[in-house]
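J.: After the sequence you'll find the predicted model.
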Amino acid sequence: MTGSEALLKTLEAHGVKHIFGHPGGAIMPVYDALYDSPIQHILVRHEQGGGHAAEGYARATGGLGVCMATSGPGATNLVTALADAMLDSLPILAITGNVPSPLLGTDAFQEADITGITMPITKHNFLVRNADDISKTVAKAIQIALEGRPGPVLVDIPKDVQQAQTNAPITQPHAKAPRLEPNPETIAKAVALIQSAKQPVLVVGGGACDAAPQILEFAKKTGMPVITTLMGLGNYPASDKQWLGMPGMHGSVASNRAISQCDVLIGVGMRFDDRVTGKTSRFAKNAQIIHIDIDTAEHNKLIPAFIPIHSDSAAALEALTKQVSYLDTPEWWLKLEDWQARQPKRPSWGAAEAIKMISSKLNGNDIVVADVGQHQMLTAQLHPFEQPRKWSNSGGAGTMGFCLPAAMGAAVAIGAHDGGDAKGVRVVGIAGDGSSQMTIQELATLRKYDIPVKFAIINNGYLGMVRQWQEMFHSRRYSEVYLEDSNPDFPILASAYRIPGFAADNQADLEKAIEMWLSVDGPAVLEVRVPQEANVFPMVPAGKGLDEMLDDDPKFLETKALVPA
Amino acid sequence: MKHIFSAFLRDEPRVLTRVTSLFARRGYNIDSLSVGATEQRGISRMTFIAEAPDYMADQIQRQLEKLEDVLKVVNHAHEKFVDRELVLLKVHVNPQTRLEIRMIAEDFRARNVDVGSKSYVFEVTGDEGKITAFIEQMRPFGIIETMRTGRVALSRGSNVDISSQVYEGSSNALEHPLADISAKA
Ligand SMILES: Cc1ncc(C[n+]2csc(CCOP(=O)(O)OP(=O)(O)O)c2C)c(N)n1
Ligand SMILES: [Mg+2]
């Protein structure tokens, strides 16, 4: 067996069904072996797309996403996606070819030191120098990617190693490590603190994706309000009245007020990112913090934890739920309900209204993937996420171009491309006119495999989020953010890829367009042309505390032509 | 505050780069770093010193422990330890200074490892204070060059006998620091 065959057999043994990749000289032996492999390869049009597709795949399933590239430029094209997966803790296996071993370190054609380059943006990486090591290294890489706090792992294989013969046995999947249980004494301390709380709040992050039932149970038993971070949306049902929304820079009034005034804050599987905390010295100033995380390096990294709990989030919540009792805090809820009612005023027609309308045609089973910018924040604010793993976006890195390939990965993960309508689950992408163009070539991949992603482009003619900052903090000096003069006609662009495209620029047309767009059997593009200078609010200006949030756009408060959202 | 750590590393390619790149990108201030093989095959040991407040020292330890090839990090602030550094120092000598230099060297128990007509090379071992004092004493004679190994440290076995040498919990200084995680190694 060749090294390449050993690689694919090992992936098969680990249940890998799909690889998102792009061939090239230094990975050709693997592509040759792929020709006879049951693993389906999805040929992307840019390796970055392959990386984000693997992320979307991992996020939707909780399992491993796999991407593959050739040496040099192929490998470096994966870098953005790996950095993205690192910040959002997604289990990705990246396989790269490299120049033949004797040429390593000689500046050979298409050589890049990809293990050196990706060292700070992978959980770990390997350069395999011997075909006998391929299987065990790949098995180890998969184990590392999935265990504890997940993350991307890269395996670089020189071409001669791919070609070499090996008799080494195929390494079977390593046994899953037992769930990390919390220390009972720490739990007892935490219970005592929770029981003493008058104004408690639970903040849930993306690390608690697999603890949704435990979160619900804990929240119901204590009666405590629940906040979900950008990465945690869906880990608590948005329809429940104990849900306060998302915290942080564009968080809800209720979330940010509750954090500013709470006396006990329990953070679960979240890492106090600066977009969540605002100015740290003003964050939850009156609160004692209980921080549950499986990665103990997150404890006390940015916010001192009064009680750090090193544990799997579901395990810690189960232990807490056993011992806590209902917290009767009617005065706290009086305040919370008042804040919950405070929604920002929004124009009757615009990006927010368009996103709400798309959202209203979806249900809690559908998967929503956003790109990066105003449309992303609006989607996070307005779409009611009911279940975990139904939402994917680039949270930690804010990578423009994430949406289309990640939506593609999610759709492949749920089998939407070969089962037609995968159990009625739809995958909808919501992107901007700027972001979408960073990876728009993946429309070809949607076409090639008939992957039924419904891709919406909210066209405000601007790099909207940057324009908003320029409006607010740079005296409206709109420097290099205008796109309208040079945007493509998106439906025509879609049809160039032989994908149906629709467009609307008002409410009535949009209603009809959404219906046609969603009913296409296969991929489809929807462009929504919206007014150009709308802003996303509430907003905590960079460097300010959550308590310094601006609830509404000051520019709208001056005009009367508004309806409450 | 200065913290002195021991880190146990898998002997894998680039493991040092992984460690130092982490120090650099997280902005940790490292004063000294020294690495060597251990009595166990495939495992090297690194002593390093960081100038950091206590909470930051914990961060350094935990971030390092996240690296796949880092098996364990021990912060020696929790109990007494012995630390040593070795310096090689080449100094000018002439008939007038020869005797005085040799007497100072004797006071420091420095070994003369190269005797030239115009220079000596000394080898001195000791803790940081002793090494620095020796260098300062030699300075007036004209130091040609020096090389220090950086400090190396072990926890004191006597911590087990003398409880006041242990600041938190109890000491397991009679066990190998990796005894509890040999599975991972
Ligand atoms: C790769 C990359 N480059 C630059 C940025 C900075 N950035 C953040 S949001 C944004 C504007 C995005 O514009 P668009 O996709 O049209 O979304 P809108 O904000 O208009 O909804 C930019 C340029 C980024 N996040 N990622
Ligand atoms: Mg835009």
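T.: Looks like it came in fine. Ligands and ions are numbered 1, 2, ... in the order given.
J.: what's near enough to touch residue A:340?
T.: For residue A:340, the contact set (CB atoms under 8 Å, 6 or more residues apart in numbering or on different chains) comprises A:244, A:252, A:253, A:254. For every residue, glycine as well, the C-beta is placed using N, CA and C.
J.: since we're on residue A:195, how many residues are nearby?
T.: By the measure other CB atoms under 10 Å in any protein chain shown, the count of residues near residue A:195 is 14.
J.: Over to the one 3 residues further on?
T.: A count of nearby residues for residue A:198, using other CB under 10 Å, gives 12.
J.: Around ligand 1, pick out the residues from the stretch 401-550 of chain A.
T.: A:432, A:433, A:434, A:435, A:458, A:460, A:462, A:463, A:464, A:465, A:466 (CB under 6 Å from any ligand atom).
J.: Intersect these with the contacts of chain B.
T.: Among these, proximity to chain B is found for none (CB under 8 Å from any CB of the partner chain).
J.: Mind checking which of those are buried?
T.: A:432, A:433, A:434, A:435, A:458, A:460, A:462, A:463, A:464, A:465, A:466 (16 or more other CB atoms under 10 Å in any protein chain shown).
J.: Determine which two of the contacts of residue A:340 are furthest apart.
T.: A:244 and A:253 (9.0 Å; CB to CB).
J.: so who does residue A:228 touch?
T.: A:203, A:204, A:205, A:234, A:235, A:236, A:243, A:245, A:246, A:385.
J.: list the contacts for the nearest residue to it once chain neighbours are set aside?
T.: Excluding the flanking residues, the one nearest residue A:228 by CB to CB, 6 or more residues apart in numbering or on different chains is residue A:204, at 5.0 Å. Shown in contact with residue A:204 (CB under 8 Å, 6+ apart): A:215, A:226, A:227, A:228, A:229, A:232, A:235, A:236, A:268, A:269, A:270.
J.: if we go to 10 Å?
T.: A:211-212, A:215, A:218-219, A:226-229, A:231-236, A:243, A:266-270, A:292, A:313, A:317, A:388 (CB atoms under 10 Å, 6 or more residues apart in numbering or on different chains).
J.: Mind pulling the model confidence for it?
T.: At residue A:204, the predicted lDDT confidence score is 98.
J.: so what's the backbone phi/psi at it?
T.: Dihedral pair for residue A:204: phi -110, psi 130, per degrees, to the nearest 10.
J.: Who is it paired with across the strands?
T.: residue A:228, residue A:268 (DSSP bridges).
J.: gap between it and ligand 1?
T.: 25 Å (CB to the nearest ligand atom, to the nearest Å).
J.: gap between that residue and ligand 2?
T.: Distance of residue A:204 to ligand 2, computed by CB to the ion, to the nearest Å: 30 Å.
J.: Is it correct that residue B:125 is in contact with residue B:149?
T.: Yes. Counting by CB atoms under 10 Å, residue B:149 is a contact partner of residue B:125 at 9.2 Å.
J.: Where does chain B get nearest to ligand 1, residue-wise?
T.: residue B:25 (20.1 Å; CB to the nearest ligand atom).
J.: In contact with that residue, which residues are there?
T.: So, once contact is read as CB under 10 Å, 6+ apart, residue B:25 ends up touching A:119, A:120, B:63.
J.: hang on, the earlier thing: which of the contacts of residue A:340 fall in strands?
T.: residue A:244 (DSSP state E).
J.: Take the contacts of residue A:340 and lay them out in a markdown table including distance to ligand 1 and pLDDT.
T.: What follows is those, written out as a markdown table (distance: CB to the nearest ligand atom, whole Å; pLDDT from 0 to 100):
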| residue | distance to ligand 1 | pLDDT |
| --- | --- | --- |
| A:244 | 25 | 98 |
| A:252 | 19 | 98 |
| A:253 | 22 | 98 |
| A:254 | 24 | 98 |
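J.: Send over the helix or strand where residue A:555 lies as CSV, restricted to the C-alpha atoms.
T.: Assigned by DSSP states H and E, residue A:555 falls within helix A:554-558. Extracted in CSV, the C-alpha atoms of helix A:554-558 (Å, rounded to 0.1, in the frame of the first residue of the first chain):
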residue,chain,number,x,y,z
PRO,A,554,-28.8,58.9,17.4
LYS,A,555,-29.4,59.8,13.8
PHE,A,556,-32.8,58.0,13.7
LEU,A,557,-33.9,59.5,17.0
GLU,A,558,-33.9,62.9,15.3
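J.: Domain ranges for chain A, per the record?
T.: Here the domain parsing of chain A from automatic domain parsing is A:3-163, A:184-340, A:351-536.
J.: farthest pair in the buried ones among the residues of the stretch 401-550 of chain A next to ligand 1?
T.: For those, the farthest-apart pair by CB to CB is A:458 and A:466; their separation is 15.0 Å.
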